[in-house]
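Novice: I would like the atomic coordinates for the input below:
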Amino acid sequence: MKTQVLISKSFVLLLIGVFVSFGIHGMSYGAPGGVCEVGDVLSPGQSCTYPGTETEFRVLDDGSGQFLFATADAALNLRDTLVNGKPYTFAANKREGNWVIEELGGIVDLQAPPIFWTDRGTDKIQRMDLDGTNVKDLITIERGLLGGIALDVAGGKMYWTDWGFPSGIQCANLDGSNAQTLVNTDEDPWDIALDVAGGKVYWTEGPISGDGQGKIQRANLDGTNVETLVSGLIKNPDYITLDVTERKMYWSMAGYAGDTNESKIQRANLDGTNVEDVIPSLQFGLPGGVALAVGDGKIYWTNWGTPEGIQCANLDGSNAQTLVNTDDKPWDIALDAAGGKVYWTEGPISGDGQGKIQRANLDGTNVETLVWGLDTPRYIALGIPALQTPEDTRTGLVARADVNGDGTVNIQDLVFVAANLDKQGENAADVNVDGVVNIQDLVLVAGALGQDGAAAPSLHTNALVGISTADVQGWLSETQQMNWTDPRARKGVLFLEQLLAALLPQETMLLANYPNPFNPETWIPYQLAKPADVNVSIYATDGALVRTLALGHQAIGVYQSRGRAAYWDGRNTLGEPVASGVYFYTLTAGEFIATRRMLILK
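Specialist: As a prediction, this is how the structure comes out:
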């Protein structure tokens, strides 16, 4: 089985299920409102706090339990779950109306993907862990001048530009071995970016002076098929980044020698067409590195003009603001959007051992220095794996997401994957072909549904009967344990959130039974806008009670499919078949009561 590259080491599966209840003999009743302890028993309306945090476990008034992002009727079970940097293990079960805490604590592997950077002063490519420890030299360049760096974590490769002797595009394994030149360039190559799924490497190129010779090029990942996408740029395009979902590339151009009117951030389609200004004029600014948080609709960049710092704006350039004012020149920038952090290199042009790497929250708060005393760190990349799939061009992704082969990606494909979850071996539902059908495949299909103008979940009413709110809540619980860095995966998660909203009714309703007329059985569908104890009562035309279907406590959701709707076999309380004729059925759900008519024809 292939390695599951998109799941972080802190990945865990959240299981929410119904367990068989048993007695609470010998259990202690902890004091509600304090720190949670194993053995505590909580009743509706009570809560306690997870040790060492402000996170509460609550027993809601309806008797359900709530912890972190999960709410369950009978059992909660989280194992080594990493949330906002904190590991949680929590298990509790409902017994005779109360919740019993059975497990707390746990240890997770907090090792994070490393940071890679190029140091122009020492001509080295180096790496360290995200917390600033474990600094290592990977490559030392002779007669070179290092530029940008980009990573293919899944493929185990790093790519960089070298505008020394000779200038070009180079690559090596992530440990620095097997270094080779892929492309010899005509001018100095500056920054570099990868579209691994599309099999392309992009770079900026041109002399320091610019003079209308700046350009953006791309090639296959093996260096073949070099193409010039954009040319004739007045100033040299320096830093570059890609939005492979929307098929866009962004780059910065700095107007040197006081010509700051040419300092701008631009973008174009990945084929080089439709060049436009995003940030048209950074007066007194010299933009450096550019990074995207596509899921949040944000662009971040460094400014080493006046004032020096970290800035951001919406992807269309609106609402530009400064997040961090830096002490020295910030150069390149990288985002860990899932971890909520922005990283950048900083230091004077001369280096002089004053270079450093810093990070902050995405809103600019909590600035930290991870490593200092570097010579001249310039370009930076994070070793966070992206979601990759075979044949994963935009068209290829949609083709593979059509798992039932009907020529279109729709809710039925999502239902198909859901029905095959956890199955191993060759399977059409195994979208990423890793040997097992799991949440990754589900998110890929949802991501294809969330792009290319696919209809919103609320428009798939007929197919939604195959998916329950519990299903989608469980899937979303799993997605929250993963490091979704690829924008397509983020779209998939967003689609699942929209799907859950579509499955959560705004009002409680009794729906028409089916079939109707019927003989001898029928299904009575309904939907609940809030949890309730549910009963369906069958009455004859004279008002006599024929049968009561006690359905128990039901969660919010649509109960429409034959597996979820109330079922009546056409018999009375004594088990006798009833006569042909008109009957009435009444839904009682909490304070809600509604009645409809049905007909038996024999």
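
Novice: Which strand or helix spans Met158?
Specialist: strand 157-162 (DSSP states H and E).

Novice: Buried residues in whichever helix or strand comes after that strand, which are they?
Specialist: Where DSSP H and E defines the elements, the next helix or strand beyond strand 157-162 is strand 168-173. For strand 168-173, a neighbour-count test (16 or more other C-beta atoms under 10 Å) marks Gly168, Ile169, Gln170, Cys171, Ala172 as buried. Every C-beta, even on glycine, is put in place using the N, C-alpha and C of the backbone.

Novice: Any idea what the last one is bridged to?
Specialist: On the basis of DSSP bridges, Ala172 is bridged to Met158.

Novice: Would you mind listing the buried residues in stretch 163-183?
Specialist: Under 16+ other C-beta under 10 Å, the buried positions of stretch 163-183 are Trp163, Gly164, Ser167, Gly168, Ile169, Gln170, Cys171, Ala172, Leu174, Gly176, Leu182, Val183.

Novice: how near is the residue lying closest to the fourth one once chain neighbours are set aside to Glu205?
Specialist: By that I understand Gly168. Spatial nearest neighbour of Gly168, chain neighbours left out: Asn184 (4.4 Å); criterion: C-beta to C-beta, 6 or more residues apart in numbering. Counting by C-beta to C-beta, to the nearest Å, the gap between Asn184 and Glu205 amounts to 12 Å.

Novice: So for the two, which residue has more residues nearby?
Specialist: Per other C-beta atoms under 10 Å, whichever of Asn184 and Glu205 has more neighbours is Glu205, with 26 against 12.

Novice: Over to Thr224. Which of the three states is it?
Specialist: Classification of Thr224 by DSSP: H, G, I helix; E, B strand; the rest coil places it in coil.

Novice: re earlier: check the gap between the residue nearest to Gly168 and Pro348 for me.
Specialist: When Asn184 is compared with Pro348 (using C-beta to C-beta), they lie 32 Å apart.

Novice: what's the answer for Val437, then?
Specialist: On the measure of C-beta to C-beta, Val437 and Pro348 end up 53 Å apart.

Novice: More neighbours: these two, which one.
Specialist: The residue with more neighbours, out of Val437 and Pro348, is Val437; 25 against 12, by other C-beta under 10 Å.

Novice: can you pull the contacts of that one?
Specialist: Val417, Asn420, Leu421, Asp422, Lys423, Gln424, Asn427, Ala429, Asp430 (C-beta atoms under 8 Å, 6 or more residues apart in numbering).

Novice: neighbours of Glu187, just the number please.
Specialist: There are 17 residues near Glu187, going by other C-beta under 10 Å.

Novice: Now it, what are its backbone angles?
Specialist: When read as degrees, to the nearest 10, the backbone of Glu187 gives phi -120, psi -180.

Novice: Tell me which residues touch it, please.
Specialist: Contacts for Glu187 (C-beta under 8 Å, 6+ apart) come out as Ser167, Glu205, Gly206, Pro207, Gln213, Lys215.

Novice: and it, what pLDDT?
Specialist: Looking at Glu187, its pLDDT reads 85.

Novice: ok, now how distant is it from Leu42?
Specialist: 68 Å.

Novice: Kindly report the same for Thr522.
Specialist: To Leu42, Thr522 is 41 Å away according to C-beta to C-beta.

Novice: got it, and Gly147?
Specialist: According to C-beta to C-beta, Gly147 stands 59 Å off from Leu42.

Novice: The two: who's more crowded?
Specialist: More neighbours surround Gly147 than the other of Gly147 and Leu42, with 26 against 23 (other C-beta under 10 Å).

Novice: Just name whatever secondary elements the helix or strand hosting Ile357 is in contact with.
Specialist: Using DSSP H and E, Ile357 maps to strand 355-361. The elements that strand 355-361 packs onto, with contact taken as 3 or more C-beta pairs under 8 Å, 6 or more residues apart in numbering; DSSP states H and E, are strand 115-119, strand 341-346, strand 368-374, strand 377-382.

Novice: Pipe those strands into TSV and attach mean neighbour count per row.
Specialist: Formatted as TSV, the helices and strands packed on strand 355-361 follow (neighbours: other C-beta atoms under 10 Å):
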stretch	mean neighbour count
strand 115-119	25
strand 341-346	24
strand 368-374	15
strand 377-382	25
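
Novice: out of the ones you listed, which comes closest to Val196?
Specialist: strand 377-382 (12.8 Å; C-beta to C-beta).

Novice: strands paired with that closest one, and their directions?
Specialist: Applying DSSP bridges to the sheet, strand 377-382 is found paired with strand 115-119 (antiparallel).

Novice: And the contacts of the helix or strand following the strand it pairs with?
Specialist: With elements assigned by DSSP H and E, the helix or strand that comes after strand 115-119 is strand 124-128. Residues from elsewhere that reach strand 124-128 (C-beta under 8 Å, 6+ apart): 114-119, 134-141, 146, 149, 158, 160, 176, 357, 370-371, 383.

Novice: how far away is Gly45 from Ala566?
Specialist: 30 Å.

Novice: So those two - more neighbours on which side?
Specialist: The neighbour comparison of Gly45 against Ala566 (other C-beta under 10 Å) goes to Ala566, with 21 against 11.

Novice: Low-confidence bits of the stretch 301-450 of the chain, can you list those?
Specialist: Residues of the stretch 301-450 of the chain that meet the criterion pLDDT under 70 lie in 338, 349-353, 384-400, 432-434, 449-450.

Novice: hmm, try it at 90
Specialist: Applying pLDDT under 90 to the stretch 301-450 of the chain flags residues 303-308, 315-318, 320, 327-329, 335-341, 347-355, 370-376, 382-450.

Novice: State the number of residues packed around Gly425.
Specialist: Residues near Gly425, counting by other C-beta under 10 Å, number 9.

Novice: ok, now which ones touch it?
Specialist: Listed by C-beta under 8 Å, 6+ apart, the contact set of Gly425 reads Gly435.

Novice: what do you get for Asn516?
Specialist: Asn516 is in contact with Thr522, Met598, Leu599, counting by C-beta under 8 Å, 6+ apart.

Novice: Now do it against Leu323, distance only.
Specialist: Going from Asn516 to Leu323 by C-beta to C-beta gives 61 Å.

Novice: Can I take it that Asn535 is in a strand?
Specialist: Yes: in this structure, Asn535 lies within a strand as judged by three-state DSSP.

Novice: Okay, buried residues for the one helix or strand Ile310 maps to please.
Specialist: Under the criterion of DSSP H and E, Ile310 resides in strand 309-314. Within strand 309-314, the residues scored as buried using 16+ other C-beta under 10 Å are Gly309, Ile310, Gln311, Cys312, Ala313.

Novice: Partner strands of whichever helix or strand comes after it and their direction?
Specialist: Next helix or strand after strand 309-314 toward the C-terminus (DSSP H and E): strand 321-325. If you go by DSSP bridges, strand 321-325 pairs up with strand 309-314 (antiparallel).
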